[in-house]
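Undergrad: show me the folded form of this:
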Amino acid sequence: MPYPEQSLAGRLLKNDPEALEQAIRWIAATLTSSRFWSLRGEWSDLMQESLARVVESLRLERFDAARDFRVYVQGVARFVCLQTLDRRAQQRPSANPGGAADEAAVNPEAAVIDRQLARLVLDSASEDCRELFRLYFFEARSYEEIAAGLHVPVGTVKSRLFRCLEGAHQRILSSPLRKRHRGRP
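TA: Residues are numbered from 1 along each chain as shown. Alright, predicted model coming up:
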């Protein structure tokens, strides 16, 4: 075995429960980041996939023991999440002619309700939240770019955006439009 027995990598290969628990905590920290919040319904599957890939890479001796194992485990989890997001993006129906039908064309009422819900969220959001939504979603800026532009720490941008999204979610849940929105609960 290329990894020292007392190292976390070596203990993980030997199915040590404490090493497994530590790896799971590191993977969970990656999965629950705001970047992958849209994957929350798949977290248990992504956790298993990430852990399986880490163990397999250890068996194949792909991990350099001179490196930080936590960073490696979280990198594998991040890669699994990014692959899942990429698969989702590829599965979305395209709006191009000859491609899959656009949902707005199939259900124009749902498209109108979507626009009304988006307008409700933006109209009821504070100016700061609208600015964050614009920078993050419409201009696709990174947390670091937003933080530099606003002269605040990256963590502040993340927490503010999270609070804005939570507020938007609550407004959508309390909206009468929600009940008509494609039969969703």
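Undergrad: give the burial count for A168, as a bare number.
TA: Neighbour count of A168, defined by other CB atoms under 10 Å: 19. All C-beta spots, glycine's among them, are computed from the backbone N, C-alpha and C.
Undergrad: remind me which helix or strand the closest residue to it other than its chain neighbours belongs to.
TA: For A168, ignoring the flanking residues on the chain, the nearest one in space by CB to CB, 6 or more residues apart in numbering is V121 at 4.4 Å. Secondary structure from DSSP states H and E places V121 in helix 108-124.
Undergrad: same check, this time on V152
TA: Counting by DSSP H and E, V152 is found in no helix or strand.
Undergrad: that one: how many residues sit nearby?
TA: Applying other CB under 10 Å, I find that V152 has 12 neighbouring residues.
Undergrad: please tell me how far it sits from R163.
TA: 14 Å (CB to CB, to the nearest Å).
Undergrad: what sits in contact with each of these two?
TA: When CB atoms under 8 Å, 6 or more residues apart in numbering defines a contact, no residue borders V152 and R163 alike.
Undergrad: which stretches in the chain count as helices?
TA: Using DSSP state H, the helices found in the chain span residues 8-13, 17-31, 43-59, 69-91, 103-106, 108-124, 127-133, 143-150, 154-173, 176-180.
Undergrad: pick the most deeply packed of the ones you listed.
TA: helix 8-13 (a mean of 20; mean count of other CB atoms under 10 Å).
Undergrad: other SSEs contacting that helix?
TA: With contacts taken as 3 or more CB pairs under 8 Å, 6 or more residues apart in numbering; DSSP states H and E, helix 8-13 sits against helix 17-31, helix 43-59.
Undergrad: go through the helices of the chain and find the least confident stretch.
TA: Mean pLDDT is lowest for helix 103-106 among those, at a mean of 51.
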